[in-house]
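**Q** A predicted structure for the sequence below; I have some questions about it.
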Protein chains: 2
Amino acid sequence: MPTDDNSVNIETQGNRYHHGDLQAALIEEGLAQISQRPAEKLSLREISRKVGVSATAVYRHFPNKAALLGALCQVGSEKLSDTFARATEETGGGMDAFEAMGRAYVRFALANPSLFKLMMSKAPKPNALDSDQNGQTNGFAMLSDTLQDVLPADAPPELQMVKRLQAWSIVHGLAMLMLDGQVPAEEKIIASVISRSFL
Amino acid sequence: MPTDDNSVNIETQGNRYHHGDLQAALIEEGLAQISQRPAEKLSLREISRKVGVSATAVYRHFPNKAALLGALCQVGSEKLSDTFARATEETGGGMDAFEAMGRAYVRFALANPSLFKLMMSKAPKPNALDSDQNGQTNGFAMLSDTLQDVLPADAPPELQMVKRLQAWSIVHGLAMLMLDGQVPAEEKIIASVISRSFL
DNA sequence: TCGGCATGTTATCAATGTAAACATTGTGGT
DNA sequence: ACCACAATGTTTACATTGATAACATGCCGA
C-alpha cells in the first residue's frame, strides 16, 4: 500500500496551521538528514514529513530543492569557520596555526561528509535568503591568509599564490580521498600528510 | 500528456526484437550521457529510450543502476590508464614522468568531469560483470609507482608512503577544486601547482 | 526439430520534485 | 475594532524515475 502520500498524515498533535518557524525547522531537519546520507538523496518530502508538515509547504520557504541545499551550505560554512577559528586559537600562530587549520579542514570533512561535499560542490550557490557577500567559500580565504603569515613576505605574489593553491589542494585532496574511501581515514595519516615538509 | 511511458516508442526502424549487443550499446550511451551531466542524474530510462529499447531491458544486463554506473567506471579506469601511459611515454622517466602524470591526472578530470567523479566516488564498486582484480582504482598505483622511481630508494618506507599520499592528494585536490569551480581550470595553474617544489 | 534460456516487452508500483488552486491565518491601514 | 491582503499551509495532480513481475520472442544446442 502507499505507505503515505502527502495529505493527512501530519502526525504532530500540536497541529497548529502555522508552524511558527518552518524555515528553521526545515533547515534543521535537512542537516539531520544530510548527516546520515549523501546530499543528493535527501528528500524534500521526507523532510516535510518529519517536520510534520505537508510536502509542498517547503515551497513557501524555498523555491526548490537546490535552494534548501544552498541554505544548508550556508550553515555548513559557518560551522567550518567556527571550526577553523577554534583550531587556530589554540596555537601559537604561524606555521603551527597553518597546520592546525589543515588538520581541522580534513577533520571537518570527515565529520560532515555529505555536507562538506555539498559545500564544495560546483558553482556559486543560488544562495537562498541573504546573499552572503563574495560567494566564494571562505574556507580557502582563511587557510590562505594563515599561510601568508608564514611565507617570506618578499616572495613574488605569484609564488605565494602557487603555495597557497598547493596547500589548499593537498588538504582538499586528502579530505576527498578519505571521504571516498580511497585512503583510510586515520588521524595518523592526516598528521603526516599535512606537514610542513610539503612547502 | 505523458510524452511517453515505456512501451511502444521504440523509434528504431531496424526494430529487431534482439538488439545484437545491448550491453555495449547501453554502456556507450551511458558514457555519452555522463559526458554531459552529473553522474547522479543519469537516467536508465533515458538511456534505454535513446538506444531504442524498452525501459526494463536494461535489467537483463545490469541488476540495477549502480551496476551500470560501475561498468562506466571500469571503462573510465581504462581510459585513465591509457591517458597515463600516453603521458609518460613521451617523457624521459623519473621526475619528468611523474609530473607529466600529475598533469594528465588533472586534465583527465577536467575532460571527463562526471566520469572522473564517479570513478573516484566511494566504495569498492559493486562491479558488474567481471570483477576487476583488486578493486582499488589503480590511478593511485600508477602515479605512486612512478613516484617511487624518484624518491631516494633508501628512504624509510613510511616516508615514501607519505610522499606518495602527498602527491596523490595535491593532484586529486587540484582536480576536484577545478571541477567544482573553486579554482579556475587553467593549464598555467595546473603546471605551476604540480611542480617538484612540493616534494 | 523443438524445448529451454537469454533477451525484450508490457503493466504496474511507490517515491520524488514541483505546479496550481484552495484554505487559514496574522497584520496593518482605516 | 474591522477587514482586505499577504504570508504560510494544504490538497490535488502530474511527469519522471528505479524497480518488479509476468509475458513474448527468438536463437541454439541436444
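**A** Done, it's in.

**Q** hang on, isn't A:Met176 packed against B:Ile170?
**A** No: with contact defined as Cβ atoms under 8 Å, A:Met176 does not count as touching B:Ile170 (11.6 Å). (Glycine included, C-beta is placed from N, CA and C.)

**Q** Which one's more surrounded, those two?
**A** For the pair A:Met176 and B:Ile170, the greater number of neighbours falls to B:Ile170 (29 against 25), based on other Cβ atoms under 10 Å in any protein chain shown.

**Q** Now do that one against DNA strand D, distance only.
**A** 35 Å (Cβ to the nearest atom of the strand, to the nearest Å).

**Q** Next: A:Asp154.
**A** On the measure of Cβ to the nearest atom of the strand, A:Asp154 and DNA strand D end up 54 Å apart.

**Q** Show me what secondary structure element comes after the lowest-mean-pLDDT helix or strand in chain A.
**A** Across the helices and strands of chain A, mean confidence by mean pLDDT, DSSP states H and E is lowest for helix A:138-148: a mean of 78. Next helix or strand after helix A:138-148 toward the C-terminus (DSSP states H and E): helix A:157-179.

**Q** What is the burial count for A:Ala55?
**A** Residues near A:Ala55, counting by other Cβ under 10 Å: 16.

**Q** I misspoke; the intended subject was A:Phe116.
**A** A:Phe116, neighbours per other Cβ under 10 Å, totals 25.

**Q** related to what we said a few turns ago, show me the contact partners of the least confident helix or strand of chain A.
**A** For helix A:138-148, the surrounding residues in contact (Cβ atoms under 8 Å, 6 or more residues apart in numbering or on different chains) are A:77, A:80-81, A:84, A:88, A:97-98, A:101-102, A:105, A:119, A:160, A:163-164, A:167-168, A:171, B:182.

**Q** If burial is judged by neighbour count, which of the residues you listed pass?
**A** Among those, those classed as buried by 16 or more other Cβ atoms under 10 Å in any protein chain shown are A:77, A:80, A:84, A:88, A:97-98, A:101-102, A:105, A:119, A:160, A:163-164, A:167-168, A:171, B:182.

**Q** near chain B, anything from the longest helix anywhere in chain A?
**A** Across chain A, the longest stretch assigned as helix under DSSP state H is helix A:65-89. No: using Cβ under 8 Å from any Cβ of the partner chain, helix A:65-89 stays clear of chain B, with a minimum separation of 12.2 Å.

**Q** Direction-wise, compare that helix with helix A:138-148 and give the angle.
**A** Between the axes of helix A:65-89 and helix A:138-148, defined by axes from the mean of the first three to the mean of the last three Cα atoms, to 10 degrees, the angle is 20 degrees.

**Q** who does helix A:65-89 touch, helix- and strand-wise?
**A** Here helix A:65-89 touches helix A:22-34, helix A:44-51, helix A:94-111, helix A:113-120, helix A:138-148, going by 3 or more Cβ pairs under 8 Å, 6 or more residues apart in numbering or on different chains; DSSP states H and E.

**Q** Now distance to B:Ile189 too, for the ones you listed, in JSON lines please.
**A** Listed next are the helices and strands packed on helix A:65-89 as JSON lines, based on distance: least, Cβ to Cβ, whole Å:
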{"stretch": "helix A:22-34", "distance to B:Ile189": "31"}
{"stretch": "helix A:44-51", "distance to B:Ile189": "38"}
{"stretch": "helix A:94-111", "distance to B:Ile189": "20"}
{"stretch": "helix A:113-120", "distance to B:Ile189": "18"}
{"stretch": "helix A:138-148", "distance to B:Ile189": "14"}
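
**Q** Redo those as a markdown table? Include distance to DNA strand D.
**A** Formatted as a markdown table, these follow (distance: least, Cβ to the nearest atom of the strand, whole Å):
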| stretch | distance to DNA strand D |
| --- | --- |
| helix A:22-34 | 3 |
| helix A:44-51 | 7 |
| helix A:94-111 | 28 |
| helix A:113-120 | 19 |
| helix A:138-148 | 29 |
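
**Q** In contact with the residue of chain A found nearest chain B, which residues are there?
**A** Relative to chain B, the nearest point of chain A is A:Gly173 (2.6 Å; Cβ to the nearest Cβ). Contacts of A:Gly173 were listed using Cβ under 8 Å, 6+ apart, and they are B:168-176.

**Q** if we go to 7 Å?
**A** A:Gly173 makes contact with B:168-173, B:176 under the criterion Cβ atoms under 7 Å, 6 or more residues apart in numbering or on different chains.

**Q** Then A:Ser121?
**A** By Cβ under 7 Å, 6+ apart, the contact set of A:Ser121 is B:Asp180.

**Q** Read off the pLDDT value for it.
**A** For A:Ser121, the pLDDT comes out at 90.

**Q** now A:Asp132
**A** On the pLDDT scale, A:Asp132 gets 40.

**Q** burial count for A:Met142?
**A** 20.

**Q** dump the residue contacts of the residue lying closest to A:Ser195 once chain neighbours are set aside.
**A** Once flanking residues are discounted, A:Ser195 sits nearest to A:Glu99: 7.0 Å by Cβ to Cβ, 6 or more residues apart in numbering or on different chains. By Cβ under 7 Å, 6+ apart, A:Glu99 lies in contact with A:194-196.

**Q** related to what we said a few turns ago, so which of the helices and strands packed on helix A:65-89 gets nearest B:Asp21?
**A** For B:Asp21, the closest of the helices and strands packed on helix A:65-89 is helix A:113-120, at 36.0 Å, according to Cβ to Cβ.

**Q** CA atoms only: put the closest one into CSV for me.
**A** Output in CSV follows, covering the C-alpha atoms of helix A:113-120 (Å, rounded to 0.1, in the frame of the first residue of the first chain):
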residue,chain,number,x,y,z
PRO,A,113,31.0,14.1,4.8
SER,A,114,27.9,14.9,2.8
LEU,A,115,27.7,18.5,4.0
PHE,A,116,31.3,19.1,3.2
LYS,A,117,30.9,17.7,-0.3
LEU,A,118,27.8,19.7,-0.8
MET,A,119,29.6,22.9,0.3
MET,A,120,32.5,22.3,-2.1
